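> Okay, here's the prediction I keep looking at, along with the sequence it came from:
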Amino acid sequence: DGPTHQPIDQMAMLRAIPELVNFRPADARETAAAWAYAVQSKDHPVTLELTRQKLNPIPGTGRDALQGAYVVRDFKEDFDLILIATGSELELAYKAAEELAKEDIGARVVSMPSMDLFEEQDDDYKEKVLPRSVRNRIAIEAYNDLGWGKYVGLDGKVIAMEGFGASAPADLLFEHFGFTVDNVVATAKNLLREANDHSFNHIVKDLVGIHARPAARIVNAMEEFQADVYLLKENKKYSLKNLTELLSSNLVYKDIIEVKAEGIDAKSAIEKAEKLIKENL
């Protein structure tokens with residue numbers, strides 16, 4: 001490997017080889033687990049993809065690496081998104097989660113040193129690590145993004161390499177290609193913002209129906225609602241109680257009552273809106 005010809009397709013090619021188990025460990029403890037697996041493996045050849053730079057030990061890593069992927073830490077019990085990383089990028093994910101926590105955004109940090117071993121786990125374990133209910137996911141790896149779509153889904157994002165490397169000190173290259181705490185934090189916030197926008201659109205469609213003619217009026221009201229919600233978040237007053245109170249004072253109530261779209265009763269529509277807010281926000 002070299003700074004001007006980084007083989008960004010290397011991991012994707014290795015992962016595509018049948019019966020080959022690949023490890024990309026994040027620190028000394030994961031490396032020890034990977035090495036122990038390799039020397040004891042009788043059924044599969046094993047590769048270890050290591051880094052050139054020194055890596056700091058990360059709190060929460062260890063022998064669970066033998067499961068292929070595992071939870072390093074939940075920064076909030078009811079976490080908002082999942083950060084998945086391999087190798088040296090796990091430290092980046094961990095530090096980004098620390099910064100997000102300062103803004104009351106909870107992230108689960110997942111280390112995935114071996115996709116191959118994770119795929120061998122049963123569905124219950126996979127669900128425990130990557131619950132389907134959490135669709136806000138970001139994968140971070142300094143290779144191309146092939147293979148990550150399976151884990152982040154259509155709603156997730158991948159911070160990866162899209163072209164060959166360049167010649168410069170490592171810290172400058174990481175910054176240039178977006179492998180920084182600031183970029184991960186910004187990506188996470190954008191992802192959550194997009195998810196909230198999608199939830200509002202879902203609420204609108206559910207209330208008035210796709211074919212309701214006055215939908216534009218309610219869309220406008222919900223856009224005003226979104227702007228007010230943004231102010232609530234900026235003032236650290238973002239809660240279900242404040243959201244429902246805000247909705248009750250918003251024009252969307254009046255529009256629903258006046259429109260009576262597709263036979264939807266105003267009271268039931270309001271109750272449905274509050275339920276959807278609770279479920280989606």
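Cool, the structure landed.
> Give me the residue ranges of the stretch 151-281 of the chain where confidence is low.
Per-residue confidence for the stretch 151-281 of the chain (pLDDT under 70) gives these ranges: 197-281.
> cutoff 80 now
Screening the stretch 151-281 of the chain residue by residue with the criterion pLDDT under 80, one finds the ranges 163-170, 195-281.
> Isn't Val152 up against Val158?
Yes. Using Cβ atoms under 8 Å, Val152 and Val158 qualify as a contacting pair, with a distance of 6.0 Å. (Each C-beta comes from the backbone N, C-alpha and C, glycine too.)
> Overlap in contacts, the two.
For the pair Val152 and Val158, residues contacting each of them under the criterion Cβ atoms under 8 Å, 6 or more residues apart in numbering are 138-139.
> In the stretch 1-150 of the chain, where is pLDDT below threshold?
Using pLDDT under 80 as the threshold, the predicted model of the stretch 1-150 of the chain has low-confidence ranges 1-7.
> for it, what spans make up the helices?
For the stretch 1-150 of the chain, helices defined by DSSP state H, counting those that start in this stretch occupy the ranges 10-15, 28-40, 89-101, 115-119, 123-129, 149-152.
> Return the set of buried residues in the fourth one.
Translated: helix 115-119. By 16 or more other Cβ atoms under 10 Å, the buried positions in helix 115-119 come out as 115-118.
> same question, the third one
For helix 89-101, the buried set under the neighbour-count rule, 16+ other Cβ under 10 Å, comprises 89-97, 100.
> from those residues, which single one is nearest Asp64?
Relative to Asp64, the closest of the buried residues of helix 89-101 is Leu90; by Cβ to Cβ it sits at 12.8 Å.
> OK, contacts around the closest residue to that closest one other than its chain neighbours?
Closest residue in space to Leu90, ignoring its immediate chain neighbours: Ala26 at 3.7 Å, by Cβ to Cβ, 6 or more residues apart in numbering. For Ala26, the contacting residues are 55, 58, 61, 85-91, 111, 113, by Cβ under 8 Å, 6+ apart.
> returning to that earlier point: can you put the helices of the stretch 1-150 of the chain in JSON lines and add distance to Lys189?
Shown next, in JSON lines, are the helices of the stretch 1-150 of the chain (distance: least, Cβ to Cβ, whole Å):
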{"stretch": "helix 10-15", "distance to Lys189": "27"}
{"stretch": "helix 28-40", "distance to Lys189": "28"}
{"stretch": "helix 89-101", "distance to Lys189": "8"}
{"stretch": "helix 115-119", "distance to Lys189": "27"}
{"stretch": "helix 123-129", "distance to Lys189": "23"}
{"stretch": "helix 149-152", "distance to Lys189": "16"}
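> Determine which of those approaches Thr47 most closely.
Relative to Thr47, the nearest member of these by Cβ to Cβ is helix 10-15, separated by 5.9 Å.
> where along the stretch 51-200 of the chain do the strands fall?
Listed in chain order, the strands of the stretch 51-200 of the chain (DSSP state E, counting those that start in this stretch) span 70-74, 81-85, 107-111, 137-140, 157-159.
> what number of residues lie near Gln10?
A count of nearby residues for Gln10, using other Cβ atoms under 10 Å, gives 14.
> okay, how far is it across stretch 147-164, tip to tip?
Stretch 147-164 has an end-to-end distance of 18 Å (criterion: Cα to Cα, to the nearest Å).
> And that stretch, what's buried?
Residues of stretch 147-164 classed as buried under the neighbour-count rule (16+ other Cβ under 10 Å) are 147-148, 151-152, 156-161.
> Show residues contacting that stretch.
Here stretch 147-164 has contacts from 4-6, 8, 11-12, 15, 84, 112, 115, 130, 135-145, 177-179, 183-184, 187, 191, 195, 198, using Cβ under 8 Å, 6+ apart.
> what does stretch 92-110 give?
With Cβ under 8 Å, 6+ apart as the criterion, stretch 92-110 contacts 58-60, 69-85, 90, 129-130, 134, 140, 179-181, 184-185, 188-189, 192, 236.
> First-to-last residue distance for it?
With Cα to Cα, one end of stretch 92-110 sits 12 Å from the other.
> and the residue nearest to Leu90, backbone torsions?
Note on Ala26: its backbone torsions stand at phi -100, psi -20 [degrees, to the nearest 10].
> still on that earlier bit, so how do I select the buried members of the contacts of stretch 92-110 in PyMOL?
In PyMOL, this line selects whichever of the contacts of stretch 92-110 come out buried by 16+ other Cβ under 10 Å:
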select buried, resi 58+60+69+70+71+72+73+74+75+79+80+81+82+83+84+85+90+129+130+134+140+179+180+181+184+185+188
